[in-house]
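K.L.:
here is my input; please provide its structure:
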Amino acid sequence: MYDIGVNPWVWASPVDDRALAELVPRIAAFGFDAVELPIERTGDWDPVRTRDLLAAHGLTAAAVCAVTPPGRDLVVTTPDVVDATVAYLKGCVDAAAAVGAGCVGGPVYAAVGRTWRMSPAERAACYAQFRRSLAPVAEHAGERGVSIGVEALNRYETSVVNTMEQTVELIDGLPSSVGIMIDTYHMNIEETDPYLALALAGRRIKHVQVSGTNRGAPGSDHFDWSRFFAMLGTTGYRGAVCIESFTGENETIATAASIWRPLALSQDHLAMDGLSYLRQVLR
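P.N.:
Numbering: from 1, shown residues only. This is a model prediction of the structure:
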């Protein structure tokens, strides 16, 4: 029913042309269908070269992942930061269109790790500012046949949106090119019932990331994956499902993702075990 993909972050960061040249053949040999492509810095990888590399190995681009380090914000910040973030997100859209990915997904509202308290009135103002700030990106994406998937993060990584209910509220009133990117890792932390949360997202789902509850391979955890996929099937989503995890060998990304110990025998095992388990569940 679903193509299964993986994010090269499992092995490397930054993901650039050199990393993709090494990893794409390996990902294809493992039996994946698709690759999720993060853009940490505009120009890290060449979209045309990457499109051709994926095609040569029988893979598709499932999505482009927007990355929000400190200083990439659309809310509660200065106009120049908003302008720079809009330009970055438009660049992600252009890369997605060139590589054949249908979605740009991520926590596009604010930098990961940026948290602050908000009253109900302040939250409403924050959400309204997000809609205004994202509007030109949404228009740009719509013109290029690309969608924006807004990702809720757990409470330790953002205070803007943690739940599906908040995410639905955040994107209310934006064009149909804007929807939701699912991430099971964050849902497991924040949702009272992550399976019913899928129903709330419904046809707004643009992309799906999966991860074990400890950031390891799906299936090595306590998540009810059969129930998850049964509910996902009712939403009408038919895009790719991509494993997202991270390597602890890169100090920056290990610190950002709190990877303090090995999550599998090796990163290859993490990817292959996750793929094998997902194939089994989906059968």
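K.L.:
quick one: least confident helix or strand in the protein?
P.N.:
The helix or strand of the chain with the poorest confidence is helix 251-256; it has a mean of 74 (mean pLDDT, DSSP states H and E).
K.L.:
which residues of the chain fall in helices?
P.N.:
17-30, 47-56, 79-99, 120-143, 164-171, 184-190, 194-201, 225-234, 251-256, 267-282 (DSSP state H).
K.L.:
now those helices as TSV including distance to Val210?
P.N.:
Every residue, glycine included, has its C-beta placed from N, CA and C. Putting the helices of the chain into TSV (distance: least, Cβ to Cβ, whole Å) gives the following:
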stretch	distance to Val210
helix 17-30	16
helix 47-56	20
helix 79-99	20
helix 120-143	24
helix 164-171	16
helix 184-190	5
helix 194-201	11
helix 225-234	8
helix 251-256	19
helix 267-282	7
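K.L.:
which one of those helices lies nearest to Ile4?
P.N.:
helix 267-282 (5.4 Å; Cβ to Cβ).
K.L.:
need the contact partners of the closest one.
P.N.:
Helix 267-282 is contacted from outside by 1-2, 4, 6, 10-11, 26-27, 30-32, 210, 212, 216-220, 225-226, 229, 241, 243, 245, 247, 263-264, using Cβ atoms under 8 Å, 6 or more residues apart in numbering.
K.L.:
skipping adjacent residues, who's closest to Ala19 in space?
P.N.:
Spatially, and ignoring its direct neighbours in sequence, Ala19 is nearest to Ala12 (4.2 Å; Cβ to Cβ, 6 or more residues apart in numbering).
K.L.:
quick one: the one you found and Thr252, what's the gap?
P.N.:
12 Å (Cβ to Cβ, to the nearest Å).
K.L.:
which of the contacts of helix 267-282 fall within strands?
P.N.:
Under the assignment DSSP state E, these contribute 4, 6, 210, 241, 243 to strands.
K.L.:
hang on, the earlier thing: give me the more crowded residue out of Ala12 and Thr252.
P.N.:
Shown here are Ala12 and Thr252; by other Cβ atoms under 10 Å, Ala12 has more neighbours (19 against 11).
K.L.:
and the gap between that one and Leu153?
P.N.:
From Ala12 to Leu153 the distance is 22 Å (Cβ to Cβ).
K.L.:
ditto for Thr60
P.N.:
Thr60 is 26 Å from Leu153, where distance means Cβ to Cβ.
K.L.:
ok, Leu59 touching Val35?
P.N.:
Yes - in terms of Cβ atoms under 8 Å, Leu59 counts as a neighbour of Val35; the distance is 5.5 Å.
K.L.:
same drill for Thr60 and Leu153, tell me which one is more crowded.
P.N.:
Leu153 (24 against 18).
K.L.:
thought the more buried one was touching Ser159?
P.N.:
No - Leu153 lies out of contact with Ser159 (Cβ under 8 Å); the separation is 9.4 Å.
K.L.:
and the pLDDT for the residue nearest to Gly113 when sequence neighbours are not counted?
P.N.:
Nearest residue to Gly113, sequence neighbours excluded (Cβ to Cβ, 6+ apart): Glu157, at 5.9 Å. With respect to pLDDT, Glu157 has a value of 95.
K.L.:
distance of Glu157 relative to Thr115?
P.N.:
8 Å.
K.L.:
those two: which has the busier surroundings?
P.N.:
Legend: neighbour count by other Cβ under 10 Å for Glu157 and Thr115, higher for Glu157 (22 against 15).
K.L.:
low-confidence ranges in this protein?
P.N.:
Applying pLDDT under 70 to the chain flags the ranges 250.
K.L.:
so who does Ala217 touch?
P.N.:
Here Ala217 is in contact with 243, 245, 263-264, 269-271, 273-274, 277 (Cβ under 8 Å, 6+ apart).
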